[in-house]
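Q: Could you work out the structure for the sequence below:
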Amino acid sequence: MIRTKTAIVVGAGAAVEVELLGQREMLGKIAQGFDFQRLGSDLATPEIEQFDKLFKRVKGEGENLRDAGMRIRAGSRLSSSIHALLQQHGEDKHVKAAGKLAIAHYTLQAERQSAMEAEPRDPGDMPFRGSENWLFQLGYMVVDGVSRSRAEHCFDNLHIVNFNCDRAIEHYMPWVLHSGFGMPITEAQDLCAEKLKVVHPYGRAGRLEWQAGTEAEAEWGADNPKALFKVAEGIRTASEFSEDRQMKASLQAGLTNARRLAFIGFDFNSLDTSLLFQERLTHGPDALVALGEGEKNKVDTITRVLRNLGGIAPDALVAMHVGPSWQMLANHGLLIES
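A: Numbering: from 1, shown residues only. Just a heads-up that it's a prediction; the model follows:
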């Protein structure tokens, strides 16, 4: 059980580790799907045609949305992510609408195509098989040493900030409780609905059927274009998050109360970092950072960002791990649980 207030910050690299989309891959797919110059030719892909049909369903806006999609495609070469690109286009409502629709589409598609299943293949297994992944390691720490009678307290000290729009954490955790405590999956889902705290600054691709909320419901990996417009309404831009006082307060409270921060696949790009540290932390929490193999050259820069923006002193930086996130969690599990 995690016994010290801990905040887990999840970035795009963590999504890649569980076979979902990273930021550059997501942006590349959107750019390809918005190549409307190919319409009417043998080069038009099914997704280009699908987006064209979706845009035509918006009365009187089909052409505007296609034009917006082409602007997104053109800008993709100069952006680090679709979220950064939407921010670059400010309040352009057509770019915002087209971008949100594409994020929802490709997030659900990635869920559907990943190895994360709707249900485990075998009783007692997880929907994403194996232990060499960060979801398993986090789940292990959540239930480790907790009695069945105290299962409702296993999330008390955990706060998650997820910069991805997928629902992998929310989908996986009930199965952790189901397997770890032997409780019915419906009871595990109810417990997660009440106790599991996950903030999505950029929103999420719908809520799972057992989750509370006002967003459109979308099962894991749903493929329902008719509901896609409603699901896309649950995606937020960086500006929309910054203007949402309740969401900002929830994120900030989780960081402020945490004595320990763990960064999983978070690449410290300028936009995400500015949203995370809108207020500088003053209580000096410990920090653990897992970086991808391609980010070795960023170690010094990230250390400075954590110190200058995050308020994390050099002696509080417990680990800067280059390699898979699950390995960092496994190596420092005793510390995180203490």
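Q: Which positions in stretch 189-201 come out as buried?
A: Across stretch 189-201, burial judged by 16 or more other CB atoms under 10 Å covers Gln189, Leu191, Cys192, Ala193, Lys195, Leu196, Val198, Val199, His200, Pro201. (Each C-beta comes from the backbone N, C-alpha and C, glycine too.)
Q: Actually, stretch 21-32.
A: In stretch 21-32, counting by 16+ other CB under 10 Å, buried: Leu21, Gly22, Gln23, Met26, Leu27, Lys29, Ile30, Ala31.
Q: which residues of the stretch 151-300 of the chain fall in helices?
A: 168-181, 185-195, 225-232, 238-243, 245-257, 270-276, 299-308 (DSSP state H, counting those that start in this stretch).
Q: any idea of the mean pLDDT in the second one?
A: Right, helix 185-195. Across helix 185-195, the average pLDDT comes to 97.
Q: what does it contact?
A: 151-152, 154-156, 170, 173-178, 181, 183, 210-212 (CB atoms under 8 Å, 6 or more residues apart in numbering).
Q: next one: the fourth one
A: Contacts of helix 238-243 with the rest of the structure, by CB under 8 Å, 6+ apart, involve His83, Leu86, Gln87, Glu91, Pro201, Tyr202, Met247, Lys248, Leu271, Leu275, Gln278.
Q: correct me, but Gln32 touches Phe51?
A: No. Using CB atoms under 8 Å, Gln32 makes no contact with Phe51, being 10.4 Å away.
Q: For Leu85, give me its contacts.
A: So Leu85 contacts Leu27, Ile72, Gly75, Ser76, Ser79, Gly99 (CB under 8 Å, 6+ apart).
Q: Could you check how far the residue lying closest to Met1 once chain neighbours are set aside is from Ile72?
A: Nearest non-adjacent residue to Met1, counting by CB to CB, 6 or more residues apart in numbering: Val146, 4.6 Å away. Using CB to CB, to the nearest Å, Val146 is found at 46 Å from Ile72.
Q: Quick one: neighbours of the residue nearest to Glu295 when sequence neighbours are not counted, just the number.
A: Excluding its sequence neighbours, the residue lying closest to Glu295 (CB to CB, 6+ apart) is Asp267, at 6.5 Å. Asp267 has 21 neighbouring residues, counting by other CB atoms under 10 Å.
Q: mind listing what Asp267 touches?
A: Gly11, Ala12, Gly13, Gln23, Leu291, Gly292, Glu295, Lys298.
Q: By neighbours, which of the residues you listed wins?
A: Top of those by neighbour count (other CB under 10 Å): Gly11, with 27 neighbours.
Q: so that residue makes contact with Phe266?
A: Yes. Here Gly11 reaches Phe266: they are 3.3 Å apart, a contact under CB under 8 Å.
Q: related to what we said a few turns ago, farthest-apart pair in the buried residues of stretch 21-32, please.
A: Gly22 and Ala31 (14.3 Å; CB to CB).
Q: still on that earlier bit, between Val146 and Ile72, which is the more surrounded one?
A: Counted by other CB under 10 Å, Val146 and Ile72 do not tie: Ile72 has more neighbours, with 26 against 17.
Q: about what we covered before: give me the subset of the contacts of Leu85 lying in strands.
A: Among those, DSSP state E puts none in strands.
Q: In TSV: the residues you listed, plus distance to Ser114 and pLDDT.
A: Putting the contacts of Leu85 into TSV (distance: CB to CB, whole Å; pLDDT from 0 to 100) gives the following:
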residue	distance to Ser114	pLDDT
Leu27	18	97
Ile72	24	98
Gly75	27	96
Ser76	23	96
Ser79	24	94
Gly99	22	98
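Q: my read: Gly221 touches His105, true?
A: No. Using CB under 8 Å as the test, Gly221 is too far from His105 to be in contact (12.0 Å).
Q: Show me what the longest helix anywhere in the chain is packed against.
A: Using DSSP state H, we find that the single longest helix of the chain is helix 93-113. On a contact count with 3 or more CB pairs under 8 Å, 6 or more residues apart in numbering; DSSP states H and E, helix 93-113 meets helix 23-33, helix 46-56, helix 62-75, helix 82-88, helix 225-232.
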